[in-house]
Structures are given as structure tokens and as C-alpha cells.
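Asker: Pasting the sequence and the predicted coordinates here, then a few questions.
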Amino acid sequence: MILLCDENIGTNVPKALSLVGYDARSLFQMGWAGKPDTYWLAEAGRLGWLVYSCNKKMLQVPSERAVIKNAHVGIIFLTNGEEYLAKQLRLLLGKWSWLESLDCLQPRPFAMFLSPSGRVSNSYRDLKL
């Protein structure tokens with residue numbers, strides 16, 4: 001499984017995950033920083049990578065939502081915006097087995113929501129895929 005972290009997540013989370021042996025990449029690392037969300041979402045879908053973001057607005061922008069669906073993207077949204085690095089790492093490391101299972105078993109496209117407490121849902125407020 002490759003976890004692709006978007007620009008809102010930044011570079012520190014994927015760097016730290018890589019340092020402890022997990023395959024995580026940032027948009028910056030891929031050369032996709034600054035590109036439209038529709039571009040890198042389509043690439044993530046084509047490559048079969050799992051996306052990690054706190055930008056839930058992607059589900060409200062028609063063109064971005066359409067790419068998530070049409071490119072069969074699997075995406076995990078952090079529900080509380082950007083958390084401190086240590087909190088995100090603890091959360092992701094604690095949920096890594098679940099992320100791997102989700103990546104392998106959940107039919108795409110999908111959007112899941114992960115709270116800082118570790119609670120998982122397929123909807124958040126009025127948002128769902």
C-alpha cells in the first residue's frame with residue numbers, strides 16, 4: 001500500500017512514516033504540488049494509491065468529486081483539519097493495519113473519515129461519497 005498525502009497534510013507526515021518503514025509519499029515528492037486536485041487525484045486513482053487528506057471540500061467541488069468517482073480513488077479524510085505531526089503519526093500508525101485492509105478489500109471509489117480519536121465513518125456531517 002502506498003499512502004499519498006496531499007498538500008494540506010504536507011511533507012512531514014509521509015517523511016516520518018517512511019522513516020519507520022511505511023510507504024507514504026507527498027504531492028511535493030511526486031512533483032504534483034501546485035497541480036489541480038483533479039490532476040493528482042486522477043494519478044492516484046490510476047496508480048491505485050490510497051489518498052490521505054484533510055480537505056473534505058473535495059467532495060463538494062463537482063469536478064473533484066467526479067474524478068474521485070471516475071478514477072476509482074480511495075481516500076481517507078482526517079475530520080478535524082490539520083493535527084499536530086505527533087498526533088497524526090500516532091493515529092496513522094495505530095490505524096495502519098486498518099488502512100492496509102481498507103486498501104485491499106474496500107471496492108473503489110470510497111471516502112472514509114477518520115477522527116483524531118480513531119473513530120472511522122463513511123460519512124461526516126453531510127459529507128459522503
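Answerer: Here it is on my side, so go on.
Asker: Enumerate the positions of the helix or strand where Leu92 lies that are buried.
Answerer: Here Leu92 sits within helix 85-105, counting by DSSP states H and E. By 16 or more other CB atoms under 10 Å, the buried positions in helix 85-105 come out as 88-89, 91-92, 99, 102-103. C-beta coordinates here come from the backbone N, C-alpha and C atoms, glycine included.
Asker: Now the element after that helix, going C-ward?
Answerer: strand 110-114.
Asker: Please name every helix or strand in contact with that following strand.
Answerer: Judged by 3 or more CB pairs under 8 Å, 6 or more residues apart in numbering; DSSP states H and E, strand 110-114 is in contact with strand 74-78, helix 85-105, strand 120-121.
Asker: Give me the secondary structure label for the residue nearest the centre of the chain.
Answerer: Per CA atoms, centre = their mean, the C-alpha nearest to the average position across the chain is that of Tyr52, at 1.4 Å. The assignment at Tyr52 comes out as strand when based on DSSP: H, G, I helix; E, B strand; the rest coil.
Asker: Okay, and the beta partners of Ser121?
Answerer: Phe113 (DSSP bridges).
Asker: how close does it get to Ala16?
Answerer: Ser121 sits 25 Å away from Ala16, taking CB to CB, to the nearest Å as the criterion.
Asker: okay, these two: which has more neighbours?
Answerer: Taking neighbours as other CB atoms under 10 Å, Ser121 and Ala16 compare with Ala16 leading, 17 against 13.
Asker: Report the residue spans of the chain with pLDDT below the cut-off.
Answerer: 81-83 (pLDDT under 70).
Asker: And the buried residues of helix 85-105, which is closest to Val67?
Answerer: Asp103 (18.7 Å; CB to CB).
Asker: Understood, closing this out.
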